[in-house]
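Novice: can't give you the sequence, but here's the structure:
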């Protein structure tokens, strides 16, 4: 399909893409870059190998091995409303990176051109590509405009980081986690595993043992990160599990907005993804973490697709810390993901805004946990689930008010929309209130797309699919509004794309 | 020395029971025993027991509980014209009961059922159906081991309610009762249940509501501070039929009321409501409402309305579920669970679930927890209402929605007066 994407003169690029994309996954291609694989399977040797390939210090290897030994004794959880095909953990690759990365490029000029072409298809803005490609004066071109720093993760190794100087000027550290382990061991040692402990759950423990790379962010006290930070994840090699590890530390009074977006090429064999994101928010600091997840969901018959088992957690460790999770989950065959907030500091705040769309044979079990430990803590959950085709979509959440969390508040709104009579929409909230000065409110509704609204749109000349997309976008409005500009536009069209073929 | 292995919890529990043998229900009892063996007794690690520790219900013997002497108020429903059927510590007391005669109603005693009985095909059948997808081991234990109960078949409209009265006299009584109620097409019955029954009480009620039949159930659990209870209602609701159940719980160390409703006919209606008043100062108070409503037919309407008022370390739990099966279109499912925490020691734990496989449905649930609204309280106080009275007013208005599920005005007033009396007794 690759070559068909080449744009001929006189033909509008979008037209070509639209034609090509009809009935198939928009980002379903792969790039032929030589991969350097570790042997299949997982063992202590593989863990040692991954650590050695990243040239990690001894303490990091010990940490990984500890996690691995714990993982061996754990069982894959089965409490989610998901039908997960058996995963053979010995039949997966735990490490893969482009061959051209074996020795890190001295400058971006040495970056494999095919890799840069991949970014183009991913829609990384041209100006950023220029920077990624190391074109002279590129930094200058972007000056004065809204800036986004990109730490692109291509399979397992970060290939390049832009805007490094600008961030360095502000004192912000934004690099790959493997680099951070070498350059900033004191920060990594202090915070890695402090939010999601090594043996937190089956998938997080696996990640702790074999994580290959990921992003590291440190925002120093009182600093407002001068740009939105962004990471593009891509799963590219067949049968390669991706085990990203992200660690974000927002020091006192600092602010950072982090964007994560992902696409993956079309493959028949299901791929496993078990990422861990840890966020530490200190006094008066604020972190916004936004995700658009658009991995290959499997085809119309439910064949293939990514298995996405993610552990994301933010720890509002000190007073008045604030965290906001926003997610648009449209991809993956299986999504198992509960971005959570530990509201430990007094007056800390957690927010969770989510759109989860499941079409065809997709299964999603996603939600959040709000653990109120400090006094006067606040949390807000807005979840919009959309099911179509034969998909199953579950909201699962926990709101817990501990005895010490006096005067705290939670408001939860979770709405489900069903399109078609073969899909399912489920809500499984847990509410635990252990003091009486706190107030917890939970509301949930399930309905279908309103016929009157559809009729109105149809009467104005829209076709049924457009009309449904419009109504669904309206249904999700509250969450879309919570996204940063860059993502909001993309997310809106993603909502429409995800529902293609679900009506009529 | 005996080398026999340590008995399993199920074996230990069964060892203390004298299982009934023979009769019309022997096959159903044998199957229930096999079911129980397969599922075992629940533990804290079971998802459906995460908030209620089943240890005291599992134990081979009941923890002794002193019966509460009540001299300060008349028995519940005393003024209602009804047919009284009295069980003392789980044994039917014919002398204390009214003659079991009511036009259009056939009443017999489980312990004395004939070998060929109309209930033979029903006994344990709804319980069995209700074991999926969630295991309910205490119900299987009940079907296997119940020593008494009533079998009621209603063919017409019962002119008077039937009142099952459970008297608690012995400190160590551990009754297991099983009732089967069958309402034939177009029949109607109001069933009242009152009293604590024993130190520990295991009760199952299977209710089959046929086409266009109407069943009203009003239950007052207690007053008794120390008793523990695990109860199940299994209901099958047919076409255009009505099932309504309301429970008032005041006091009791531990109460778990499970209600499993299967809507099998189109246009059926099922409402379950409960008000629980808990004061931990009387010892302990843990109240658990676990409800599972399955919509398997079109245009069904279900409502779950549960209110809890908790103080002095009382714990309230609500696990409610609406399951809409594929094809159960035009379902209207509603669920509300609310809790009023009168002080800082009490807890409310809730899991209001929806599982929906049909698209043209309207389902919603809500859950709120918090203290009394200070603004409203201030308003009442500023109008000269004394503090305690103001709180009482707020509590009564808080539980009003649940009480509203009782259709009969006289019965509703009776429940409300009990509620007010409880508030008067548990001030401060």
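Specialist: Sure, I can see it. Keep in mind that this is a model prediction, so the values were computed, not measured. Residues are numbered from 1 along each chain as shown, chains lettered A, B, ... in the order given.
Novice: Only C-alpha atoms from now on, for both contacts and neighbour counts.
Specialist: Fine.
Novice: so where's the chain shaky on pLDDT?
Specialist: Reading this off chain A. Within chain A, the ranges that satisfy pLDDT under 70 run A:1-37, A:96-164, A:231-241, A:262-270, A:486, A:503-504.
Novice: please go with chain B instead
Specialist: B:1-4.
Novice: Flag every residue of it that's near chain A.
Specialist: B:326-327, B:341-371 (CA under 8 Å from any CA of the partner chain).
Novice: Out of these, name the ones that lie in strands.
Specialist: B:341, B:347-356, B:362-370 (DSSP state E).
Novice: Whichever of those residues end up buried, select them in PyMOL.
Specialist: Those of these that count as buried under 16 or more other CA atoms under 10 Å in any protein chain shown are selected in PyMOL with:
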select buried, chain B and resi 341+347+348+349+350+351+352+353+354+355+356+362+363+364+365+366+367+368+369+370
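Novice: for chain B, what spans make up the helices?
Specialist: Assigned by DSSP state H, chain B shows helices spanning B:9-15, B:26-39, B:55-58, B:125-129, B:137-145, B:374-382, B:387-403, B:409-425.
Novice: How about residues contacting the first one?
Specialist: If you take CA atoms under 8 Å, 6 or more residues apart in numbering or on different chains as the criterion, helix B:9-15 is touched by B:36-37, B:40-41, B:58-61.
Novice: for the residues you listed, which one is nearest residue B:154?
Specialist: Nearest to residue B:154, judged by CA to CA, of the contacts of helix B:9-15 is residue B:36 at 30.6 Å.
Novice: show me what contacts the closest one?
Specialist: Here residue B:36 is in contact with B:10, B:137, B:140-141 (CA under 8 Å, 6+ apart).
Novice: switch to 7 Å and redo it
Specialist: Residue B:36 makes contact with B:137, B:140-141, according to CA atoms under 7 Å, 6 or more residues apart in numbering or on different chains.
Novice: In a markdown table: these, plus neighbour count.
Specialist: Listed next are the contacts of residue B:36 as a markdown table, based on neighbours: other CA atoms under 10 Å in any protein chain shown:
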| residue | neighbour count |
| --- | --- |
| B:137 | 21 |
| B:140 | 27 |
| B:141 | 25 |
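Novice: just to revisit the earlier point, can you tell me which of the helices of chain B is most buried?
Specialist: helix B:137-145 (a mean of 26; mean count of other CA atoms under 10 Å in any protein chain shown).
Novice: Please state the offset of that one from the chain centre?
Specialist: Averaging C-alpha positions (CA atoms, centre = their mean, to the nearest Å) puts helix B:137-145 15 Å from its chain's average.
Novice: For residue B:246, name its beta-bridge partners.
Specialist: residue B:218, residue B:273 (DSSP bridges).
Novice: Contact partners for it?
Specialist: B:217-219, B:272-274, B:405-406.
Novice: any chance of those residues in CSV, plus neighbour count?
Specialist: As requested, the contacts of residue B:246 are exported to CSV (neighbours: other CA under 10 Å):
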residue, neighbour count
B:217, 19
B:218, 23
B:219, 20
B:272, 24
B:273, 26
B:274, 25
B:405, 20
B:406, 23
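Novice: Hmm, residue A:355 and residue A:325 touching each other?
Specialist: No - using CA atoms under 7 Å, residue A:325 is not in contact with residue A:355, being 11.3 Å away.
Novice: Which of these two has more residues huddled nearby?
Specialist: With neighbours defined as other CA atoms under 10 Å in any protein chain shown, residue A:325 and residue A:355 compare such that residue A:355 has more, 28 against 25.
Novice: Which helix or strand contains the more buried one?
Specialist: Per DSSP states H and E, residue A:355 falls inside strand A:349-358.
Novice: That strand - contacts with which helices or strands?
Specialist: Secondary-structure packing of strand A:349-358 (3 or more CA pairs under 7 Å, 6 or more residues apart in numbering or on different chains; DSSP states H and E): strand A:322-329, strand A:340-343, strand A:378-388, helix A:477-480.
Novice: what does chain A have sitting close to chain B?
Specialist: Contact residues (CA under 7 Å from any CA of the partner chain) of chain A with chain B: A:418-448.
Novice: switch to 6 Å and redo it
Specialist: A:418, A:420-421, A:423-448 (CA under 6 Å from any CA of the partner chain).
Novice: For chain A, see how far away the residue lying closest to residue B:198 once chain neighbours are set aside is.
Specialist: Leaving out its chain neighbours, the residue that sits closest to residue B:198 by CA to CA, 6 or more residues apart in numbering or on different chains is residue B:168, at 4.6 Å. In this view, residue B:168 and chain A are 33 Å apart by CA to the nearest CA, to the nearest Å.
Novice: before we move on, what about residue B:204?
Specialist: In terms of CA to the nearest CA, residue B:204 sits 27 Å off from chain A.
Novice: Let me have the contacts of residue B:36 in JSON lines, adding distance to residue B:303 as columns.
Specialist: Output for the contacts of residue B:36, formatted as JSON lines (distance: CA to CA, whole Å):
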{"residue": "B:137", "distance to residue B:303": "26"}
{"residue": "B:140", "distance to residue B:303": "26"}
{"residue": "B:141", "distance to residue B:303": "29"}
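Novice: which among those residues gets closest to residue A:54?
Specialist: residue B:137 (53.3 Å).
Novice: residues making contact with stretch A:490-504?
Specialist: Stretch A:490-504 is contacted by residues A:388-389, A:469 when judged by CA atoms under 6 Å, 6 or more residues apart in numbering or on different chains.
Novice: ok, then the element right after the strand holding residue A:355?
Specialist: strand A:363-366.
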